[in-house]
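Undergrad: When you get a sec, could you give me coordinates for this:
(one chain, ligands or ions: 1)
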Amino acid sequence: MPAPVCLGTWPTPVESAPRLAAAVGLAADALWIKRDDLTGLGGGGNKVRKLQYTCAQALAAGATTLVTSGGPQSNHARLTAAAAARLGLRAVLVLGGEPPAVPGGNLVLDRVAGAELAWLPGATPERLRDEVECQAQRVRDDGGVPHVIPFGGSTSFSARGYLDCGTELLSQVPGIDHVVVAFGSGATMAGLVACLGAGRVIGVDTGAVADPGATLGELLDGMPGVRVRWADLRIDREQVGAGYAALTPGAAAAMRLAGRTEGIFLDPTYTARALAGLVACVADGRIGHRDRTVFLHSGGLPGLFGHAGLPQLA
Ligand SMILES: Cc1ncc(COP(=O)(O)O)c(C=O)c1O
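TA: Model (predicted):
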């Protein structure tokens, strides 16, 4: 397997968050924020760590074009476009849904980075996969070499990006008890679990996949040398609410809390749900008052500016 290409700025900082800690009921010196929103490339976010591995595979295979899929506000699609630009490749993004009358958020950045967009109305995961394959064939027909990146950029190989993040965290915050992270397509949590063990990682489900436990288990099974009992995995499914695209009351409250205590902005889909999950874990004792806790800020802020719930936050 190829070595990762460097697309970001490492290590990302860790900041202590005493005001947020006190507001959620933790000891003031027990909460840190791992700033993976500051990974550097293309507005930053967790997908950069995964893309360092995926793009290494693409380059090793002689790819000319990265082809991937996501929702209209996919952070993964935006960062795939940015990674392609950085590496002199093309990007084709298959987006589920109809093009909006007024593009916003990630969608605008996809175009600024030069990606080609293909829209698929009424997309199911299967139809998205089929359309990605059609687009890859179109690239071949035009004489190019496509490299297909699966939904959310999650594979057992790209999860190594979060094994790296776990290693950074072990030196930045000795004696970590919990890391709380949003769960979408799963490789972020999988890599952290591979490094830190199942007991120290809490994944807060965002509703992006039907069965997050099975998705995570499969990613971990594909990682050499990683042995985890599925029963030990900690996935919190209480923050999905009305669904992936909804702005839940808990997420809106979490966005205000992080903004008002630490001047840190969260996105409505992933990081706000993750913080809402952390708040709930402290409230019911899954995280103890003095437990050394890391909130992983995985980025995603551009999505706020394309989210239907934006006016409710003003
Ligand atoms: C901002 C943000 N945070 C977290 C996640 C979840 O990461 P993963 O798909 O690896 O579970 C995503 C995935 O789309 C994301 O965009």
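Undergrad: what sits up against stretch 274-281?
TA: The contact list for stretch 274-281, computed with CB atoms under 8 Å, 6 or more residues apart in numbering, reads 24, 178, 180-182, 202, 204, 236, 238-239, 248, 250-251, 253-255, 257-258, 266, 287, 293, 295-296, 298. C-betas here are computed from N, CA, C, even on glycine.
Undergrad: Filter those down to the buried ones, ChimeraX style.
TA: Only the buried members of the contacts of stretch 274-281 end up in this ChimeraX selection, burial being decided by 16 or more other CB atoms under 10 Å:
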select :24,178,180,181,182,202,204,236,239,248,250,251,254,255,257,258,266,287,293,295,296,298
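Undergrad: Check the contacts of stretch 274-281 one by one and keep those near the ligand.
TA: Among the contacts of stretch 274-281, the ones lying near the ligand by CB under 6 Å from any ligand atom are 182, 298.
Undergrad: Which members of the contacts of stretch 274-281 occur in strands, if any?
TA: With strands taken from DSSP state E, the overlap with the contacts of stretch 274-281 comprises 178, 180-182, 202, 204, 236, 293, 295-296.
Undergrad: Once you drop chain neighbours, what's closest to the residue of the stretch 151-300 of the chain at minimum distance from the ligand?
TA: Going by CB to the nearest ligand atom, the ligand is nearest to Gly300 of the stretch 151-300 of the chain, at 2.7 Å. Residue nearest to Gly300 in three dimensions, not counting chain neighbours: Asp267, with 3.3 Å by CB to CB, 6 or more residues apart in numbering.
Undergrad: Strands of the chain, residue ranges please.
TA: With strands called from DSSP E, the chain shows them at 14-16, 31-35, 65-70, 90-96, 116-120, 146-148, 178-183, 201-205, 234-236, 293-297.
Undergrad: What degree of burial does the residue in the stretch 1-150 of the chain positioned nearest to the ligand show, as a neighbour count?
TA: In the stretch 1-150 of the chain, the residue that lies nearest the ligand is Asn75 (3.3 Å; CB to the nearest ligand atom). Asn75 has 31 neighbouring residues, counting by other CB atoms under 10 Å.
Undergrad: what residues are up against Arg111?
TA: Contact analysis of Arg111 by CB under 8 Å, 6+ apart lists 103, 117.
Undergrad: Read off the pLDDT value for it.
TA: Arg111 is assigned a pLDDT of 98 by the prediction.
Undergrad: now it: how far from Val279?
TA: 36 Å (CB to CB, to the nearest Å).
Undergrad: Same check on Ala63?
TA: 42 Å.
Undergrad: Could you do Ser185 as well?
TA: The gap separating Ser185 from Val279 is 24 Å, by CB to CB.
Undergrad: Name the residue in those two with the higher neighbour count.
TA: Per other CB under 10 Å, whichever of Ser185 and Val279 has more neighbours is Ser185, with 25 against 22.
Undergrad: right, and the more buried one touches Gly207 too?
TA: No - the pair Ser185 / Gly207 is not scored as a contact, 11.7 Å apart, by CB atoms under 8 Å.
Undergrad: burial count for the closest residue to Gln239 other than its chain neighbours?
TA: Closest residue in space to Gln239, ignoring its immediate chain neighbours: Arg273 at 4.3 Å, by CB to CB, 6+ apart. Arg273 has 30 neighbours, counted by other CB under 10 Å.
Undergrad: Ok, the one 5 residues further on next?
TA: Using other CB under 10 Å, Leu278 is surrounded by 28 other residues.
Undergrad: Renumber starting at 323 from here on
TA: Okay, residue one is now 323; in that scheme the one you just asked about reads as Leu600.
Undergrad: need the residues of the stretch 473-622 of the chain near the ligand, please.
TA: Close to the ligand, as judged by CB under 6 Å from any ligand atom, the stretch 473-622 of the chain has residues 474, 476, 504-511, 589, 592-593, 620-622.
Undergrad: one step back: what about the residue of the stretch 473-622 of the chain closest to the ligand, distance to Gly519?
TA: Distance from Gly622 to Gly519, by CB to CB: 26 Å.
Undergrad: swap in Pro422?
TA: Using CB to CB, one gets 42 Å for the distance from Pro422 to Gly519.
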